[in-house]
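Colleague: Sequence plus the predicted model coming up.
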Amino acid sequence: MLFRRLHLSVVAICALALPLHAETVTDFTLPNGLEVVVIEDHRAPVVTQMIWYRAGAADEPEGHSGIAHFLEHLLFKGTDTLAPGEFSDTVEAQGGDDNAFTSWDYTAYFQRVAADRLELMMQMEADRMRNLRLTEEDVATERQVILEERSQRTDSDPAALFGEQRRAAQYMNHRYGVPIIGWRHEMEQLSRDDALAFYQRFYAPNNAVLVIAGDVEPEAVRALAEKHYGPLKPTEGLLPRNRPVEPPQLAERRLTYADGRVAQPYVMRTYLAPERNPGAQQQAAALTMLAEVLGGSGTTSVLARALQFGDAKAVYTSAFYDGSSLDQGTFGLAIVPVPGVSLQEAEDAMDAVVAQFLKDGVEPEAFARIKTQLRAADIYARDNVDGLARRYGEALTTGLTVQDVQDWPAILQAVTPEDVMAAAEMVLDRRRAVTGWLMQDEENAL
Amino acid sequence: MMIRLALALILFALPLRAEIAIKEVVSPGGITAWLVEEHGIPFTALEIRFKGGTSLDAPGKRGAVNLMTGLIEEGAGDLDAQGFAAARDGLAASYRFRAGIDSLSVSAQFLTENRDQAVDLLRLALVEPRFDADAVERVRGQVLSGLRSDAKDPAVLAANAFDAAAFGDHPYGSSGDGTLESVAALTRDDIIAANTGALARDRIYVSAVGDITAEDLGALLDHLLGDLPATGAPMPGRAGWALAGGVTVQDFPTPQSVIRFGHEGITRDDPDFFAAYILNEVLGGGRFGARLMTEVREKRGLTYGVSTYLAPMDHAEMFLGQFASANEKAAEAVAVVQAEWARMAAEGITAEELASTKTFLTGSYPLRFDGNGPIADILVGMQMQGLPIDYAATRNEKIEAVTLDDVARVAKRLLRPDDLHFVVVGQPVGLASDG
């Protein structure tokens, strides 16, 4: 996820449970197609407005990578009634903060302000949904900014470059294989026309989700939404998001990336994996539990216990899965070897642990602990209404419904050890995997 | 009542209509804490700070406090590392231990339904850490791995180079993580010495926010902290400033230079601190509209982001900034920062900038109080800075009271363009070390 600003609050929505009926959520849809979700939290007189567009890097036209994220920057440049920069200036003049971020499946903008300033925020956000004005000069300067952003966050970081290469190998046909920030040679060519074409097609009430979270009443939000967003014209003829589908992967893909700036070599493997789907989240729930069991804890998970203790092979191990994507995602394993252990030895050790796990199955005590933690996460999550807002926004722009979000905790709790093992057998197939080695030099390459 | 409680109840209204009732709780054993009762969600956030942090490292033992902190949760009492983690996870509690330059922090969150067990377990870690040999080697390996990564990270290299040049042999002059050599040489005795030196009752600050009463908190504090040593290691002395104005280039093969810059700053209790705070916000507050962001990013596209900040620490004060810029553009970006520094030193800020910055700072302040964890963090920070318990109610008045003359005066005193030093890590074109 790319943020417009340097300030990087990590918003990885962890795949933990959501309190069943713990938060008060209301949702409705305006006649022009805008979906609205209201999450009430009356502990403090604060509100967050988030507008989520069902348009991200994976919706970009070929040859124009980075346009979704570039447009996100340009949305702060002005409208018929707002001068460049005035949007953020106005939010700040109200004591609020605002920012935006882009992923493969969505682009989102948010402001956090005192609850009685919500209407002004809605007025401005509705304005820039349809009335953006861009000059060639704005576009040229901001293009330099995103190129600097790429330099800072990708080209200066061998781990980020490695990730980019692995994704490109993972997805042969789907745009998930193209970086959100864009390939540099394509970013350099992004134009005002590219930005406006993407904007006019995707920035519309019938392609957006409005999430209002905080000290608000649903009926008051409905009235304000009708007043400010209601008059906006939808985009006619907007097609369903049917993106190219990955062909069956039949052969394991392997790559090495060597970079003199690498200090700590590691192995990372990702397997193509199903995502959460509306009304069908059981398999994703089992994969979520599998990731927790295998590598969720740095101390007690299967990988950590086998590889980081005793005659330790690894400094760090991990298993990870995030089912929140519109199309097929990945399930991942990683191992960072201790000095003196080669990447081949590390990978072999990791594979041996996984093979043993497939024989042994899930340890009941560990499984029970993880479920306890997921239940408690429901309670802790209520302390952060912004986090809840992100959860709904992300779900609704990756094909899920409000009901799916609310069903998810119970579905996680219903997962059995047998479900986990079936998910493991299904996903941990090397023929569907990309295995990458990040290293300092090629000497010990594959 | 079975325990004695000294309760100073202070109610105040935030500028909006939020009301946060902060109570000062003194436990029977004499430990003071600030408490906000919030019974809406059945958990408590507890923040504990031990003043000192990595600056307490003994000479030649750099990294000892950091390594020790990483080991607090890796085995305690009759539990080894895995046993401790399993017990903690079974309670769905979370404990975080972090070593900062001026303090060691403990952040805990636990459910009301098993609070006593969660506190017992945390107490075990604080009072009876084991520092098993295998745990020491495992965590040492993690620290060394991090240090090897740092050695290839231009942002870390820039920070370390700046600190070394500014503070020399004082603990502030080197990373609290230590070096590959110093960490490799640390013994279990060094770790135990760091533990008893850093976690002592003469340096504790506590806040709690959540589903807990003053009575329960008082008893909890004595149980949790009462068996720690009464006194710990002596604090380091004042850190002298040894860095003159200029440019230092450290060659590093990367397409984009990372630039850290700054000079001496201002103390937190200086009468002009709020004027300086506003001045920094206008110059490099990191927001759009701040002068450096406007000049370096918005007008010229030379960086993705640039910001400055005041860093009043316990033993020195800094005024720092950072940005990254393509090697070809770094020299221009540095020149723009120097020019803006000089312009503000000479001219101060405008009436419009003062007004809009006041509106932002006063309006955004209550937004910080958004959850038990964040509020607990703010309250413990206030105590460490020596602020009164009603500070949050008066803070915006102090912002409002700052005048243009105040800012102009502090601009002349604080902003010293000739003393500004830039450490550049990369391969910048047209920039070289001077002096």
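Modeller: Good, I have the coordinates. Numbers count the residues shown, from 1 in each chain, chains lettered A, B, ... in the order given.

Colleague: Every contact and neighbour count from this point should use C-alpha atoms.
Modeller: OK.

Colleague: and residue B:415, how far is that from residue B:276?
Modeller: With distances taken as Cα to Cα, to the nearest Å, residue B:415 is found 10 Å from residue B:276.

Colleague: Need phi/psi at residue B:176.
Modeller: Residue B:176 has phi and psi values of phi -70, psi -10 when expressed as degrees, to the nearest 10.

Colleague: Surely it is in contact with residue B:101?
Modeller: Yes. Taking Cα atoms under 8 Å as the definition, residue B:176 is a contact partner of residue B:101 at 6.6 Å.

Colleague: Which positions in the stretch 101-250 of chain B make contact with chain A?
Modeller: Counting by Cα under 8 Å from any Cα of the partner chain, the stretch 101-250 of chain B comes close to chain A at B:111, B:134, B:138, B:141-142, B:145, B:148-149, B:151-153.

Colleague: can we see that at 6 Å?
Modeller: Within the stretch 101-250 of chain B, the positions lying close to chain A (Cα under 6 Å from any Cα of the partner chain) are B:142, B:148-149, B:152.

Colleague: Redo those as CSV? Include pLDDT, neighbour count and secondary structure.
Modeller: Putting these into CSV (pLDDT from 0 to 100; neighbours: other Cα atoms under 10 Å in any protein chain shown; DSSP: H, G, I helix; E, B strand; the rest coil) gives the following:
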residue, pLDDT, neighbour count, secondary structure
B:142, 94, 19, helix
B:148, 93, 16, helix
B:149, 91, 16, helix
B:152, 91, 19, coil
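
Colleague: In chain B, what residue spans correspond to strands?
Modeller: Secondary structure of chain B, counting by DSSP state E: strands at B:6-13, B:19-26, B:32-37, B:43-51, B:75-76, B:79-80, B:94-99, B:103-111, B:204-210, B:246-251, B:256-264, B:306-312, B:317-326, B:421-426.

Colleague: likewise the stretch 251-400 of chain A?
Modeller: In the stretch 251-400 of chain A, the strands defined using DSSP state E, counting those that start in this stretch lie at A:253-258, A:266-273, A:314-321, A:329-337.

Colleague: In CSV: these, plus mean pLDDT and distance to chain B.
Modeller: CSV is the format used below for the strands of the stretch 251-400 of chain A (pLDDT from 0 to 100; distance: least, Cα to the nearest Cα, whole Å):
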stretch, mean pLDDT, distance to chain B
strand A:253-258, 96, 14
strand A:266-273, 97, 11
strand A:314-321, 96, 6
strand A:329-337, 97, 9
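
Colleague: could you dump those to CSV with distance to residue A:414 and mean neighbour count?
Modeller: What follows is the strands of the stretch 251-400 of chain A, written out as CSV (distance: least, Cα to Cα, whole Å; neighbours: other Cα atoms under 10 Å in any protein chain shown):
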stretch, distance to residue A:414, mean neighbour count
strand A:253-258, 34, 18
strand A:266-273, 20, 22
strand A:314-321, 18, 24
strand A:329-337, 21, 24
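
Colleague: Mutual contacts of residue B:176 and residue B:101, please.
Modeller: Common neighbours of residue B:176 and residue B:101 are listed as residue B:54 (criterion: Cα atoms under 6 Å, 6 or more residues apart in numbering or on different chains).

Colleague: could you point out where chain A is predicted with low confidence?
Modeller: A:1-22, A:442-446 (pLDDT under 70).

Colleague: Within range of chain B, give me the residues from it.
Modeller: With Cα under 6 Å from any Cα as the criterion, chain A meets chain B at residues A:6, A:44, A:92-93, A:95-96, A:141, A:144-145, A:148-149, A:261, A:263, A:299-300, A:315, A:369, A:373, A:383.

Colleague: which of these count as buried?
Modeller: Under a neighbour-count criterion of 16 or more other Cα atoms under 10 Å in any protein chain shown, the subset of these counted as buried comprises A:6, A:44, A:92-93, A:95-96, A:141, A:144-145, A:148-149, A:261, A:263, A:299-300, A:315, A:369, A:373, A:383.

Colleague: Pull the contacting residues for the residue of the stretch 151-300 of chain A found nearest chain B.
Modeller: Of all residues in the stretch 151-300 of chain A, the one sitting closest to chain B is residue A:263 (4.8 Å; Cα to the nearest Cα). In this structure, residue A:263 makes contact with B:148-149, judged by Cα under 6 Å, 6+ apart.

Colleague: let's see 8 Å
Modeller: Counting by Cα atoms under 8 Å, 6 or more residues apart in numbering or on different chains, residue A:263 makes contact with A:440, B:148-149, B:151-152.

Colleague: now residue B:420
Modeller: Residues in contact with residue B:420 (Cα under 8 Å, 6+ apart) are B:244-246, B:261-263, B:338.

Colleague: Looking at these, which one is closest to residue A:197?
Modeller: Each of the contacts of residue B:420 was scored against residue A:197 by Cα to Cα, and residue B:338 proved nearest at 40.1 Å.

Colleague: follow-up on the earlier one: just send the strands of chain B back as TSV, with mean neighbour count and mean pLDDT too.
Modeller: Below are the strands of chain B laid out as TSV (neighbours: other Cα atoms under 10 Å in any protein chain shown; pLDDT from 0 to 100):
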stretch	mean neighbour count	mean pLDDT
strand B:6-13	14	38
strand B:19-26	21	88
strand B:32-37	23	96
strand B:43-51	25	98
strand B:75-76	23	96
strand B:79-80	18	96
strand B:94-99	18	97
strand B:103-111	22	98
strand B:204-210	26	97
strand B:246-251	18	97
strand B:256-264	26	97
strand B:306-312	21	96
strand B:317-326	22	96
strand B:421-426	27	98
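
Colleague: most centrally placed residue in chain B?
Modeller: The centroid of chain B falls nearest to residue B:100 when counting by Cα atoms, centre = their mean (6.5 Å).

Colleague: how many other residues sit next to the residue nearest to it when sequence neighbours are not counted?
Modeller: Computed as Cα to Cα, 6 or more residues apart in numbering or on different chains, the closest residue to residue B:100 that is not its neighbour in sequence is residue B:53, at 5.3 Å. The local packing count at residue B:53 equals 25, with neighbours defined by other Cα atoms under 10 Å in any protein chain shown.

Colleague: Pull the contacting residues for whichever residue of chain A sits closest to chain B.
Modeller: Chain B sits closest to residue A:95 of chain A, with a gap of 3.7 Å, by Cα to the nearest Cα. Shown here is residue A:95, whose contacts under the criterion Cα under 8 Å, 6+ apart are A:113-114, B:359-365.
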